[in-house]
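Visitor: Generate a structure from the sequence data that follows.
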Amino acid sequence: MAKDSMQEQVLRASKEIAVKFIEVGRLWPTNFAETFKNIYTAIDSTVRASAESDREEKGGK
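Guide: Numbers count the residues shown, from 1 in each chain. The predicted structure is shown next:
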């Protein structure tokens, strides 16, 4: 997956999760920045770890 495409998908997933949190009342304007950053970071690190694992399994760099 291309780096830009991966970042775009991570951002899209983060936004979708943030919207759901807003809908259920778990995310407020006062904590949006911190919570969104945490959501984005968690998804990004998971995707990167998965991509790295896939590369290692295939014997690539």
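Visitor: For stretch 38-50, which residues meet the burial criterion?
Guide: By neighbour count on 16 or more other Cβ atoms under 10 Å, the buried set for stretch 38-50 is I39, Y40, I43, D44, V47. (C-beta placed from N, C-alpha, C; glycine too.)
Visitor: what does stretch 23-43 give?
Guide: Quick answer for stretch 23-43 (16+ other Cβ under 10 Å): L27, T35, F36, I39, Y40, I43.
Visitor: you'd agree the third one is up against S14?
Guide: Think F36. Yes. F36 is within contact range of S14, at 6.6 Å (criterion: Cβ atoms under 8 Å).
Visitor: Give the buried residues for stretch 6-21.
Guide: V10, A13, S14, I17, A18, F21.
Visitor: Name the nearest of these relative to G59.
Guide: V10 (25.5 Å; Cβ to Cβ).
Visitor: if I pick that closest one, what's in contact with it?
Guide: Y40, I43, D44, V47 (Cβ atoms under 8 Å, 6 or more residues apart in numbering).
Visitor: Now those in JSON lines, please, with extra columns for distance to E56 and pLDDT.
Guide: Listed next are the contacts of V10 as JSON lines, based on distance: Cβ to Cβ, whole Å; pLDDT from 0 to 100:
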{"residue": "Y40", "distance to E56": "24", "pLDDT": "98"}
{"residue": "I43", "distance to E56": "20", "pLDDT": "97"}
{"residue": "D44", "distance to E56": "19", "pLDDT": "96"}
{"residue": "V47", "distance to E56": "15", "pLDDT": "93"}
